[in-house]
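**Q** Provided below for reference: sequence and predicted model.
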Amino acid sequence: MSPTGSLTSADGRRADVELRLPADGAYVSVLRTTTAGLAARLDFTIDDIEDLRIAVGEACAMVLPEADPGSPLLAEFFLAPSELTVRVTVHGAEIGEPDFDSFAWQVLDTLASNATAETDGEAFVVTVMMTAEALEPSL
Amino acid sequence: MTADTNRDGGAPGEAPSAGTERNRARSAEFFAVLHDAAAHRSAHECARDRLVHLHLPLVQHCARRFRNRGEPHEDLVQVGAIGLLKSIDRFDAERGVEFSTYATPTIIGEIKRHFRDTGWAIRVPRRLQELRMQIGAASAELTQSLGRSPTPRELGERIGCTVEEIIEGLESNNAYATLSLDAGDNHEDSPHRLLDALGSDDENLEHIEIRESIKPLLDALDPREKKILLLRFFKNMTQSQIAEEIGVSQMHVSRLLTRTLAQLRESLHDAS
C-alpha cells in the first residue's frame, strides 16, 4: 500500500465510501458517526461499534496534529462482510515517524483487529481494521 | 442512619425501632407546630428547620440509590433536599400517611429530574432519551440471552424500531458525556488526566538488584575510598572540595575515584 493515500486498498480495490473533511478536531465526531452508521449496517455488535468509534477517534488524534493548516482529512471506508476498514490520511510538510508509544496508538491498537500507521514525509496514513465477531456463540 | 435517628438520648443497644418511633413522634410534633395557624412565624420556621434536619437521612438514603451514575453524591443530596422541602410544605398530617411514605417519591422525583435536566452535557429530545433507556434495557437482556453484545438489527427487532433509530439512540448516548477519555475528572486531589493516573514501572525497582549487589562491594572498600565516593555522589561535592576535605590533591582524588569505580564495575561484572 502506498502511504500517499491513493484511493485503493491493498488489493487495489476502490474505497466504498469516501469522506473529505477539514483536518480539524471539530469534525472528528462526524467521522465517528459515519463509522458507527456503516458498522451498524455491516451487522457489527454494539460493543464492536463502540470500539470502532473510539479507534477512529484515536486515529484522528494521531494524524490531525501533523496536518498542514487548511488541508483536508481524507477518510476511506472499505466494506466487506463482517469487516470494516477505515483509512485516514492527512498531508503535511513536516511529518515525523508515527509515535507508537502515544496514548492514541495504544488505544487504537488494542481496540482494532488490525491497525497500521505509516508516514512518508508528506503523508500520514492510519488504517484501522475491525472484524465482526462470529454472530452466533459457539456451542 | 441509626446514629442519626438515635441521636437524642437513646440508650446504647436500644432497638432501632424505638428510635424510629421517637422520630415519628417528634416529626408529628413539629408538623403540629407548622400547621398551627396560631403559632408565631418564627416558631413555624423553627419547626420547618427541625423537620428538615430530622428527615435529611431519608434524602441521603434516596441519593445513595443513584450512586455510581456519574453525578456527585453531594449534588444529589442537595437536589433531594429540595424535594424534602417541597414535601414538608405540602404534607397534610391529617391524611394519615407516614411523612416518609409521602416524601420519598417527591425526593426521588426531584433527583430523577436533576438527571434528566442537567445530567446531559447536550440537551437531547425526550424521545431519544427514552429510546436510549429502551436500548439500554434491551441490550442488557439480549447480551444475557445471546451470550454476546447484540447488533443494532437485533436491538431494532426487539424494541420494534429501525436500525436507523437504534443508531440515533446510540448516538445520543454520546451526548450524555461529551468529555474526552483523556480529560480529567473534577476531583481536586486526583491527577488531572487519565493518562497521569496510569501507572508505570518504578525505575527504582530496577535499581534494587544493582544496589543490593553493590552493597557488599562497598563494604569491602578502603575507608578513604568509601569516603570519597560518599562525598562525591551523596554530598555532591566537587573533586576539588573533596581534595580539600581529605587533604590530598584534586588529581589524586580523580585517580582514586576512577580506580574505585572501575573496581566496583569489575566486581559487579564478575558477580553476574
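**A** Great, that's in hand.

**Q** so A:M130 is in contact with A:V56, correct?
**A** No: using C-beta atoms under 8 Å, A:M130 is not in contact with A:V56, being 9.5 Å away. The C-beta positions use only the backbone N, C-alpha and C, and glycine is treated the same way.

**Q** more neighbours, these two?
**A** A:V56 (29 against 25; other C-beta atoms under 10 Å in any protein chain shown).

**Q** buried ones in whichever helix or strand that one is part of, by neighbour count?
**A** Per DSSP states H and E: A:V56 is located in helix A:46-63. By neighbour count on 16 or more other C-beta atoms under 10 Å in any protein chain shown, the buried set for helix A:46-63 is A:46, A:48-63.

**Q** so what does it touch, helix or strand wise?
**A** helix A:28-41, strand A:83-91, helix A:103-111, strand A:114-119, strand A:123-131, helix B:152-159 (3 or more C-beta pairs under 8 Å, 6 or more residues apart in numbering or on different chains; DSSP states H and E).

**Q** turn these into TSV, including distance to B:L34.
**A** Shown next, in TSV, are the helices and strands packed on helix A:46-63 (distance: least, C-beta to C-beta, whole Å):
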stretch	distance to B:L34
helix A:28-41	52
strand A:83-91	64
helix A:103-111	57
strand A:114-119	66
strand A:123-131	63
helix B:152-159	48
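
**Q** how about these, which one is nearest B:C62?
**A** Ranking the helices and strands packed on helix A:46-63 by their distance to B:C62 (criterion: C-beta to C-beta) puts helix B:152-159 first, at 29.8 Å.

**Q** next SSE downstream of that closest one?
**A** Past helix B:152-159, the next helix or strand by DSSP H and E is helix B:163-176.

**Q** hmm, who's touching that next one?
**A** Contact with helix B:163-176 is made by A:29, A:33, A:36-37, A:40-41, A:46, A:49, B:119-122, B:124, B:128-129, B:131-132, B:134-135, B:152-153, B:155-156, B:159, as judged by C-beta atoms under 8 Å, 6 or more residues apart in numbering or on different chains.

**Q** out of those residues, which end up buried?
**A** A:33, A:36-37, A:40, A:46, A:49, B:119, B:124, B:128-129, B:131-132, B:134-135, B:152, B:155-156, B:159.

**Q** show me where chain A dips below the pLDDT cut-off.
**A** Filtered on pLDDT under 70, chain A yields the residue ranges A:1-12, A:133-139.

**Q** what parts of it come near chain B?
**A** A:29, A:33, A:36-37, A:40-41, A:43-49, A:54, A:103, A:107, A:133, A:135, A:137 (C-beta under 8 Å from any C-beta of the partner chain).

**Q** what packs against the one helix or strand B:E29 maps to?
**A** Element membership for B:E29 (DSSP H and E) is helix B:16-34. Counting contacts by 3+ C-beta pairs under 8 Å, 6+ apart, helix B:16-34 packs against helix B:2-5, helix B:41-64.

**Q** if we go by neighbour counts, what in the longest one is buried?
**A** This points to helix B:41-64. By neighbour count with 16+ other C-beta under 10 Å, helix B:41-64 contains the buried residues B:H44, B:A47, B:R48, B:R50, B:L51, B:L54, B:H55, B:L58, B:V59, B:Q60, B:C62, B:A63.

**Q** between those residues, which sits nearest B:P105?
**A** Nearest to B:P105 among these, with distances taken as C-beta to C-beta, is B:C62, at 9.6 Å.

**Q** tell me the contacts of the closest one?
**A** Counting by C-beta under 8 Å, 6+ apart, B:C62 has contacts B:G80, B:T104, B:I107, B:I108, B:I111.

**Q** strands - which of those land there?
**A** Residues of the contacts of B:C62 located in strands (DSSP state E): none.

**Q** in a markdown table: those residues, plus neighbour count.
**A** Output for the contacts of B:C62, formatted as a markdown table (neighbours: other C-beta atoms under 10 Å in any protein chain shown):
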| residue | neighbour count |
| --- | --- |
| B:G80 | 28 |
| B:T104 | 18 |
| B:I107 | 27 |
| B:I108 | 17 |
| B:I111 | 25 |
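
**Q** what about B:T118, how many residues close to it?
**A** What B:T118 shows, counting by other C-beta under 10 Å, is a neighbour count of 11.

**Q** which ones are touching the nearest residue in space to B:C46 that is not next to it in sequence?
**A** Distances taken as C-beta to C-beta, 6 or more residues apart in numbering or on different chains put B:V33 closest to B:C46, at 7.8 Å, once the chain neighbours are dropped. By C-beta under 8 Å, 6+ apart, the contact list for B:V33 reads B:A39, B:A43, B:H44, B:C46, B:A47.

**Q** what is the burial count for the closest residue in space to the third one that isn't next to it in sequence?
**A** Ranked by C-beta to C-beta, 6+ apart and with sequence neighbours excluded, the top spatial neighbour of B:H44 is B:L34, at 5.8 Å. Other residues within reach of B:L34, judged by other C-beta under 10 Å, total 20.

**Q** hang on, B:L34 packs against B:C46?
**A** No: B:L34 lies out of contact with B:C46 (C-beta under 8 Å); the separation is 9.4 Å.

**Q** now do the spatially closest residue to B:L54 that is not a sequence neighbour against B:R64, distance only.
**A** Nearest-residue entry for B:L54: B:S27, 5.8 Å, with adjacent residues in sequence omitted and distances by C-beta to C-beta, 6+ apart. Here B:S27 is placed at a distance of 21 Å from B:R64 (C-beta to C-beta, to the nearest Å).

**Q** equivalent analysis for A:L74, please.
**A** A:L74 is 50 Å from B:R64, by C-beta to C-beta.

**Q** same question, B:L58
**A** According to C-beta to C-beta, B:L58 stands 11 Å off from B:R64.

**Q** and B:R50, by the same measure?
**A** Here B:R50 is placed at a distance of 23 Å from B:R64 (C-beta to C-beta).

**Q** one more: B:L205?
**A** The gap separating B:L205 from B:R64 is 40 Å, by C-beta to C-beta.

**Q** save the helices and strands packed on helix B:16-34 as CSV, and put in mean pLDDT too.
**A** As requested, those are exported to CSV (pLDDT from 0 to 100):
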stretch, mean pLDDT
helix B:2-5, 41
helix B:41-64, 89
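
**Q** what about the residue nearest to B:L54, neighbour count?
**A** Neighbours of B:S27 using other C-beta under 10 Å come to 20.
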